[in-house]
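# Compute the structure for the input listed below.
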Amino acid sequence: MGRVVLVTGVSRDLGGRFARIAAADPSVDRVVGVDMVPPRGDMGDVSFIRADIRNPVITKVIAKEDVDTVVHMSVVATPGRSGGRTSMKELNVIGTMQLLAACQKAPGLRHLVVKSSTAVYGSSSRDPAMFTEAMEPKRHPKSGFAKDAAEVEGYVRGFARRRPDVSVSMLRAANTIGPTISSPLTQYLRLPVIPTVLGFDARMQLLHETDLLEALRHATIAGVHGTFNIAGDGVLMLSQITRRLGRPTIPMPSIAVSQVGTAIRRARIADFSSEQFDFLAYGRGVDTTRMREVLGFTPDYDTEAAFEDFRRAVGPGLVSSRRVASVETTAGHPGNGAVNGIPRGSRG
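Just a heads-up that it's a prediction; the model follows:
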């Protein structure tokens, strides 16, 4: 018999898409999707059960459906879409704790896949050129999604120690981008005028949305135990990204960017959280050796190709692509200051 896979967070776009992809895999017998609200659109062969993972009822769902594989995709980064920061933290942290308690009681469980984020590494001036999975952040996150993700990972590691019979795959996804993705980063990049942190040029390593889904599918089927950075090769500087989008920028002191971000969030133009400010100054790069050599996964898109697919979907900005190419040729591309092939976020 094939796997019986339970997927959390299927009312969100990526969760629903992944559930349908998993249901189409010949090695999967059944897929059960759970969420607090029904997903929009046709879920195909996915069986939907309305359930809140913060409620102990999730234990009964796992037992009744004979689930052997759980894919946890309910760690969310957008407080505006989650009913505010308090609700977001409850869903991320309390929800994960309750889900893991249910998994702990499931003797038939064999594999757990958790979608985490490279945000756990934070962003600071002391960061290495590339974070490996064994590295700790130079500055531990104190709030927001990054703190939630770090707490979630701590609970998952505790579960792995208590249930050594379960293969646990934790995927730290880089900032995901693509034509259909709506995230704090893509909302920021869609602004008609983009505020940037004065004197800084963040390095950004990206992951295409289809590569994220395929990485999750691969991890679900492969059952490889461990933590893995998932990202495309290379980085782009924020200045390169804004030029290619044809978007004008307004360099501001960090406190002004924070104030503008608060106004943007309150106006519901973009889910601009305070933790993004350091990322917009320093960015982040991660090493993906384990992804390739241990997990056995290679993305189809590198960072530049992932961004270009997003740029085509966004459409032309105020500055033509021909003018952008001319500027980049004059300035030299890629930028200076590379360390091991990856440029650092720099302060002017």
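# Please make it C-alpha for all contacts and neighbour counts, starting now.
Fine.
# Show me which helix runs longest in this protein.
Secondary structure of the chain read by DSSP state H shows that its longest helix is helix 144-162.
# can you pull out the helices in this protein?
Going by DSSP H, the chain shows helices at 13-24, 57-64, 85-89, 95-104, 144-162, 184-189, 209-222, 238-245, 254-266, 276-282, 289-290, 303-314, 321-331.
# Confidence-wise, which of these is weakest overall?
Note on the helices of the chain: lowest mean pLDDT is at helix 321-331, with a mean of 51.
# so Asp129 touches Gly285, yeah?
If you look again at residue 129, you'll see it is Ala, not Asp. Yes: at 6.1 Å, Ala129 and Gly285 qualify as touching, with contact defined as C-alpha atoms under 8 Å.
# Now for Val31: which residues touch it?
Neighbouring residues of Val31 by C-alpha atoms under 8 Å, 6 or more residues apart in numbering: Val4, Val5, Leu6, Val7, Ala19, Ala22, Ala23, Asp45, Val46, Ser47.
# Relative to Val193, how far out is it?
43 Å (C-alpha to C-alpha, to the nearest Å).
# can you check Asp13 too?
From Asp13 over to Val193 (counting by C-alpha to C-alpha), the distance is 27 Å.
# do Val114 as well
For Val114 relative to Val193 (C-alpha to C-alpha), the value is 35 Å.
# Between these two, which is the more surrounded one?
A direct count of neighbours by other C-alpha atoms under 10 Å for Val114 and Val193 places Val114 higher, at 25 against 16.
# who does that one bridge with?
Note on Val114: beta-bridge partners by DSSP bridges are His72, Met170.
# Which residues are in contact with it?
Applying C-alpha under 8 Å, 6+ apart to Val114 gives the contacts Val71, His72, Met73, Val168, Ser169, Met170, Leu171.
# what's the answer for Val70, then?
Val5, Leu6, Val7, Thr8, Leu109, His111, Leu112, Val113.
# just Val168 next, same as before
His111, Leu112, Val113, Val114, Ala160, Gly223, Val224, His225, Gly226.
# ok, the third one touching His72?
Read it as Val113. Yes: using C-alpha under 8 Å, Val113 is in contact with His72, at 6.1 Å.
# quick one, which of those two is more surrounded?
The residue with more neighbours, out of Val113 and His72, is Val113; 27 against 21, by other C-alpha under 10 Å.
# Next up, the contacts around that one.
Thr69, Val70, Val71, His72, Val168, Ser169, Met170, Leu171, Leu216, Ala219, Thr220 are the contacts of Val113 under C-alpha under 8 Å, 6+ apart.
# hang on, the third one packs against Thr8?
In this case it means Val71. Yes: with contact defined as C-alpha under 8 Å, Val71 counts as touching Thr8 (6.5 Å).
# Output the below-cut-off pLDDT ranges for the stretch 1-150 of the chain.
1, 79-85 (pLDDT under 70).
# Name the residues linked to Phe48 by a beta bridge.
Bridge pairing for Phe48 - DSSP bridges - gives Gly33.
# Distance check, it against Leu280.
Taken as C-alpha to C-alpha, the span from Phe48 to Leu280 is 38 Å.
# was I right about Leu280 contacting Val197?
Yes: look at Leu280 against Val197 with C-alpha under 8 Å: they come within range, at 6.8 Å.
# ok so, going back, what packs against the longest helix of the chain?
helix 85-89, helix 95-104, strand 111-117, strand 167-173 (3 or more C-alpha pairs under 8 Å, 6 or more residues apart in numbering; DSSP states H and E).
# Turn the ones you listed into CSV, columns for distance to Pro248.
Output for the helices and strands packed on helix 144-162, formatted as CSV (distance: least, C-alpha to C-alpha, whole Å):
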stretch, distance to Pro248
helix 85-89, 31
helix 95-104, 40
strand 111-117, 29
strand 167-173, 29
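# Which among the ones you listed is found nearest to Gly41?
Closest of the helices and strands packed on helix 144-162 to Gly41 is strand 111-117, at 23.0 Å (criterion: C-alpha to C-alpha).
# Send me that closest one as PDB with only the CA atoms.
In PDB, the C-alpha atoms belonging to strand 111-117 read as follows (Å, rounded to 0.1, in the frame of the first residue of the first chain):
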ATOM      1  CA  HIS A 111       7.600  10.300   8.500                       C
ATOM      2  CA  LEU A 112       7.200  14.000   9.400                       C
ATOM      3  CA  VAL A 113       8.000  16.900   7.000                       C
ATOM      4  CA  VAL A 114       8.000  20.400   8.300                       C
ATOM      5  CA  LYS A 115       8.200  23.500   6.100                       C
ATOM      6  CA  SER A 116      10.400  26.000   8.000                       C
ATOM      7  CA  SER A 117      12.300  29.000   6.800                       C
END
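# buried set for the longest helix of the chain?
Burial within helix 144-162, assessed by neighbour count using 16 or more other C-alpha atoms under 10 Å, is assigned to 144-153, 155-157, 159-160.
# between Ala129 and Gly285, which one's more packed in?
Between Ala129 and Gly285, Gly285 has the larger neighbour count (other C-alpha under 10 Å), namely 28 against 19.
# What count of nearby residues applies to Arg312?
When neighbours are counted by other C-alpha under 10 Å, Arg312 comes out with 12.
# which residues does it contact?
Pro179.
# How much space separates it from Ile177?
For Arg312, the distance to Ile177 - C-alpha to C-alpha - is 12 Å.
# Give me the nearest residue to Leu14, chain neighbours excluded.
Leu213 (7.6 Å; C-alpha to C-alpha, 6 or more residues apart in numbering).
# isn't that neighbour right up against Phe18?
Yes: counting by C-alpha under 8 Å, a contact exists between Leu213 and Phe18, whose distance comes to 5.9 Å.
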